[in-house]
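Undergrad: here are the coordinates; sequence isn't available:
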């Protein structure tokens, strides 16, 4: 029988840290969602986290998700947060409540096509490469506002905000830039959008991200413990 004592202890720590972060920056009453990032985590451990109130799951890999999805409890809400190839959208379009990693207008166009084909409206976040790192995909900060305008014209899709993974060095600088960018785009009042989600902050920086306006943090190792990541096939 599996013991989930480690997850229970991690949950206590996360909730304490989140409460402390909220108080420090005057956001005690804000709804800041915590996403359980499930990469390489067995389904029974994910389901235990869901039973403890972590009902929002973040999936990184299409193939891994397809292998595990039937094992997940049915009350889980699932977002896709990993790099997504256009030809794999059709495999996940019916299972996701949001795709957070939309890094180009071209990818959004294919999401739109698949959503319309399936009679859906897919909520998305535009991924921003806030640090301009060559190893990461995403809109540049200078391009994302135009990208939101263009994506907002597509059928079957609704832009709900921004997502980022800031560089680990000078993290607070980039988190602050994302906060300003999010607020600027929200203030544009772009038609056919509902800009309400700023998804940033992971296991190493989630408390800091809350300080800079994040209302969704994505936690993997802080929740499930350190893991090894096999190469995707």
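TA: Cool, got the structure. Just so it is clear, the model here is predicted, and its values are computed rather than measured.

Undergrad: Which pLDDT does the model give residue 2?
TA: Here the pLDDT value assigned to residue 2 is 65.

Undergrad: Can we start the residue count at 627 from this point?
TA: Yes, from this point I'll number from 627; that puts the last item at residue 628.

Undergrad: roughly how far apart are the closest residue to residue 680 other than its chain neighbours and residue 806?
TA: In space, and not counting its chain neighbours, residue 680 is closest to residue 662: 4.4 Å by Cβ to Cβ, 6 or more residues apart in numbering. Placement of C-beta: from N, CA and C, glycine included. According to Cβ to Cβ, to the nearest Å, residue 662 stands 28 Å off from residue 806.

Undergrad: Next: residue 836.
TA: On the measure of Cβ to Cβ, residue 836 and residue 806 end up 16 Å apart.

Undergrad: cool, residue 746 as well?
TA: Taken as Cβ to Cβ, the span from residue 746 to residue 806 is 32 Å.

Undergrad: how near is residue 789 to residue 819?
TA: Taking Cβ to Cβ, one finds residue 789 at 15 Å from residue 819.

Undergrad: Show me which of the two is the more surrounded one.
TA: residue 789 (27 against 20; other Cβ atoms under 10 Å).

Undergrad: State whether the more buried one is indeed within a strand.
TA: Yes - checked against DSSP: H, G, I helix; E, B strand; the rest coil, residue 789 lies within a strand.

Undergrad: Which pLDDT value belongs to it?
TA: 98.

Undergrad: Also residue 704?
TA: pLDDT, residue 704: 98.

Undergrad: That one contacts residue 722, correct?
TA: Yes - contact criterion Cβ atoms under 8 Å: residue 704 and residue 722 qualify, at 5.7 Å.

Undergrad: that older thread, the more surrounded of residue 836 and residue 806?
TA: Higher neighbour count among residue 836 and residue 806: residue 836, with 24 against 12, using other Cβ under 10 Å.

Undergrad: what about the residue nearest to that one when sequence neighbours are not counted, distance to residue 766?
TA: Of all residues not flanking residue 836 in the chain, residue 647 sits nearest, at 4.2 Å (Cβ to Cβ, 6+ apart). Look at residue 647 and residue 766: by Cβ to Cβ, they are 29 Å apart.
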